[in-house]
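Asks: need a 3D model of the sequence below.
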Amino acid sequence: MGHNHGHDHTHGANKKALMISFIITTGYMIIEAIGGFLTNSLALLSDAGHMLSDSVSLGVGLVAFILGERLANYSKTYGYKRFEILAALFNGVTLVLIALYIFYEAYHRFINPPEVASTGMLIIAIVGLLVNILVAWILMRGDTKDNLNLRAAFLHVIGDMLGSVGAIIAALLIIFYGFGWADPLASVIVAVLVLISGWRVAKDSVHVLMEGTPKNVVMNDIITTFENIPDIESIHDLHVWSITSGQNALSCHAVVNENLSIKECQVLLRKVEHELEHKGIGHVTIQIENSDHPHEDKLMCQHDQGLDNHTHKH
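Replies: Predicted structure coming up:
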């Protein structure tokens, strides 16, 4: 119960962080867009567009958390928690598309640098940087390490923070030296960082959707855990995956000593569940069998022969 309480507390903190960040980002995005029109600054309008993507990212993330709270039913037996991963994938792909668009815009600006009202641009970019630092700080207080959705939103804001830094430097170079190319150069540097961030989030999301082994789970450790329990002779059909960020699941078939009573099997199961919880797996399903139980033709058995070789007792 303590583990679940901890997860619920983290979930609530994450949702609150996203909601506050969404309100601040959306509010400043509107101000920056108006400022871009008033100063005739294409750089600020581009940054406002980037903040719009932040706003959409945070909004989708917030919807994902709210949907994730809906209880499981006969139609969705795991509930709606996986929507959080879909939201992270959406955010990752959005980051990649934004980066490509910045490259496209920068190319045109290198050829024909636009006239920019640099003083107004500088003031709004500095305020934008402060707003992004505040939002990043709020998000950092959440679980940006293990929660993919929050991490995607955080990376959006970091990208935007770098955009603000780039706009400030570009504005200063235009004011003091008249370097029109400073604006597109700063944009290209930011675009590279945004592209890397987006690619990583998208790749991690696809890994979860493909039922990949969670990054915080070491399969050899899991196999060793089973091997070290005396009454388990071997395991097969071993699968470890993530339901959503921070919620890992395992299922397998365990061949046990056929002399064990039902009560002893229950004790054995509790011991395995306790051991696996320390390995980062909270949802465990184990089918207990004796050595006579046929499993050669079962799905994944051929694939898991390597695991069988590891896990048969010699």
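Asks: what are the boundaries of the strands in this protein?
Replies: 232-244, 247-256, 283-289 (DSSP state E).
Asks: just the angle between the longest one and strand 247-256, please?
Replies: Looking back up the chat, that one is strand 232-244. Put simply, strand 232-244 runs at 160 degrees to strand 247-256, going by axes from the mean of the first three to the mean of the last three C-alpha atoms, to 10 degrees.
Asks: CA atoms of strand 232-244 as CSV?
Replies: The C-alpha trace of strand 232-244 is given here as CSV (Å, rounded to 0.1, in the frame of the first residue of the first chain):
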residue,chain,number,x,y,z
ILE,A,232,11.8,-22.9,-8.4
GLU,A,233,13.4,-25.4,-10.9
SER,A,234,13.1,-23.3,-14.0
ILE,A,235,11.1,-20.5,-15.7
HIS,A,236,9.9,-19.9,-19.3
ASP,A,237,7.6,-17.5,-21.1
LEU,A,238,9.3,-14.6,-19.3
HIS,A,239,8.0,-11.1,-20.3
VAL,A,240,8.8,-7.8,-18.7
TRP,A,241,7.2,-4.5,-19.9
SER,A,242,5.9,-1.1,-18.9
ILE,A,243,2.2,-0.3,-18.6
THR,A,244,3.1,3.4,-18.3
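Asks: of all the strands of the chain, which lies closest to residue 99?
Replies: strand 232-244 (26.3 Å; C-beta to C-beta). In short, each C-beta sits where N, CA and C put it, glycine included.
Asks: show the average pLDDT along the closest one.
Replies: The average pLDDT for strand 232-244 rounds to 87.
Asks: show me how this protein divides into domains.
Replies: What the TED database lists as the domains of the chain is 11-209, 219-289.
Asks: comparing those by mean pLDDT, which bottoms out?
Replies: Among these, domain 11-209 carries the lowest mean pLDDT, at a mean of 81.
Asks: ends of stretch 74-81, how far apart?
Replies: 15 Å (C-alpha to C-alpha, to the nearest Å).
Asks: what comes up buried for that stretch?
Replies: Buried residues in stretch 74-81, counting neighbours by 16 or more other C-beta atoms under 10 Å, are found at 79-81.
Asks: format these as TSV; extra columns: distance to residue 290.
Replies: Output for these, formatted as TSV (distance: C-beta to C-beta, whole Å):
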residue	distance to residue 290
79	35
80	39
81	35
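Asks: closest one of those residues to residue 36?
Replies: For those, the nearest to residue 36 is residue 80 (37.4 Å; C-beta to C-beta).
Asks: nearest residue to the closest one in space, please, no chain neighbours.
Replies: residue 67 (4.4 Å; C-beta to C-beta, 6 or more residues apart in numbering).
Asks: residues near that neighbour, how many?
Replies: 16 (other C-beta atoms under 10 Å).
Asks: where does the lengthiest helix in the chain sit relative to the chain's centre, distance-wise?
Replies: Of all the segments of type helix in the chain, defined by DSSP state H, the longest one is helix 2-39. Centroid displacement of helix 2-39 relative to its chain, using C-alpha atoms, centre = their mean, to the nearest Å, is 16 Å.
Asks: so the residue of the chain most remote from its centre versus residue 271, what's the distance?
Replies: In terms of distance from the mean C-alpha position of the chain, residue 259 ranks first, at 45.8 Å (C-alpha atoms, centre = their mean). For residue 259, the distance to residue 271 equals 17 Å [C-beta to C-beta, to the nearest Å].
Asks: swap in residue 238?
Replies: Distance of residue 238 to residue 271, given as C-beta to C-beta: 17 Å.
Asks: okay, the two: which has more neighbours?
Replies: Remark: of residue 238 and residue 271, residue 238 carries more neighbours, 22 against 14, as counted by other C-beta under 10 Å.
Asks: right, and that one touches residue 252 too?
Replies: Yes: counting by C-beta atoms under 8 Å, residue 252 is a contact partner of residue 238 at 4.2 Å.
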